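1. A predicted structure for the sequence below; I have some questions about it.
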Amino acid sequence: MSKMFNWVRPGRLFFAITVITFGSLVPSVAGSEPARLGIGERAMPEEIARWDIDVRPDGTGLPTGQGTVEQGEVIYAERCAQCHGDFGEGIGNYPLLVGGEPSELKTDDRPIKSIGSYWPYATTLFDYVRRTMPFGDAQSLTANETYAVTAVLLSMNGIIPEDSMLDSKSLAAINMPNKNGFYVDPNADVHNTPCMESCFDGPVIIKSVAKFLKVTPDD
Ligand code: HEC
């Protein structure tokens, strides 16, 4: 453990120096970019829109559309179950999507981290599925299909009833079982005021938090 943090610290310092160095160069390059470089082309609003698909915890960025658990069951069976299992139990090394309890995150040495036990927001579940799944065919689901498949994932986890329909409003209103399980890292270097010297207490705090939560095995 301590070896890892000794390694991480100089890395961050290097990163900070890199950012500061490049930061001071950026204005001169950015101001004259098209004329001087003469390569590439300005991104069109439609192109930017295709990349700009993130959804925030409060639901900002959710597209219009809707889907039911029932519709999601069909999509899940066709597009998800071969890896995640018919009941979200996970096949082989593919991750499970159902199981565990938030309370076990603090008591078990190896707690089950699933949508039901670990994820703090239903909105970012939608975001994750929309951007990445099905694995190998990412972003092939429509907005409606993504609402439907998110609905079935939440239903499989017992978070919403089987007859539910989700849209941007109802999705953002869902309270996840582990929504209070996350808090701001007390480590010194993630506070708003960066720690620039004598910061070596930081890793010790992280270590003790990890130990307290029992998320990291002792050996
Ligand atoms: C080909 C196998 C495969 C298919 C099909 C697939 N997934 Fe996944 N899924 C994965 C893998 C691999 C990961 C882990 C990715 C990672 O950690 O980078 C994952 C991760 C996830 C996670 C995050 C799990 C967590 O708690 O960290 C969710 C949610 C998920 N998939 C949903 C879906 C949904 C919904 C579908 C169907 C639309 C789907 N997956 C189809 C392989 C698959």
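-> Okay, I see it. Remember, predicted model here, so these are calculated numbers, not experimental data.

2. strands of this protein, start to end?
-> Secondary structure of the chain, counting by DSSP state E: strands at 66-68, 165-167.

3. domains in the chain, by residue range?
-> Following the assignment in automatic domain parsing, the chain carries domains at 52-172, 183-219.

4. between those domains, which one is closest to Gly40.
-> Nearest to Gly40 among the domains of the chain is domain 52-172 (18.8 Å), distances taken as Cβ to Cβ. Quick note: C-beta positions are derived from backbone N, CA and C, even for glycine.

5. so how far does the closest one reach from one end to the other?
-> 19 Å (Cα to Cα, to the nearest Å).

6. now do it, average pLDDT.
-> Per-residue pLDDT over domain 52-172 has a mean of 97.

7. for this protein, just list every one of the helices.
-> Along the chain, counting by DSSP state H, helices occupy 2-31, 33-37, 45-51, 69-79, 81-84, 104-107, 122-132, 143-156, 168-172, 202-213.

8. quick one: contacts of the third one?
-> If you take Cβ atoms under 8 Å, 6 or more residues apart in numbering as the criterion, helix 45-51 is touched by no other residue.

9. could you pull out the buried residues of it?
-> By 16 or more other Cβ atoms under 10 Å, helix 45-51 has no buried positions at all.

10. ok so, going back, so can I have CSV of the domains of the chain showing distance to the ligand and mean neighbour count?
-> Listed next are the domains of the chain as CSV, based on distance: least, Cβ to the nearest ligand atom, whole Å; neighbours: other Cβ atoms under 10 Å:
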stretch, distance to the ligand, mean neighbour count
domain 52-172, 3, 17
domain 183-219, 14, 12
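
11. wait, which of those domains is closest to Gly38?
-> domain 52-172 (26.8 Å).

12. quick one: residues contacting Asp137.
-> Arg79.

13. alright, I will stop here.
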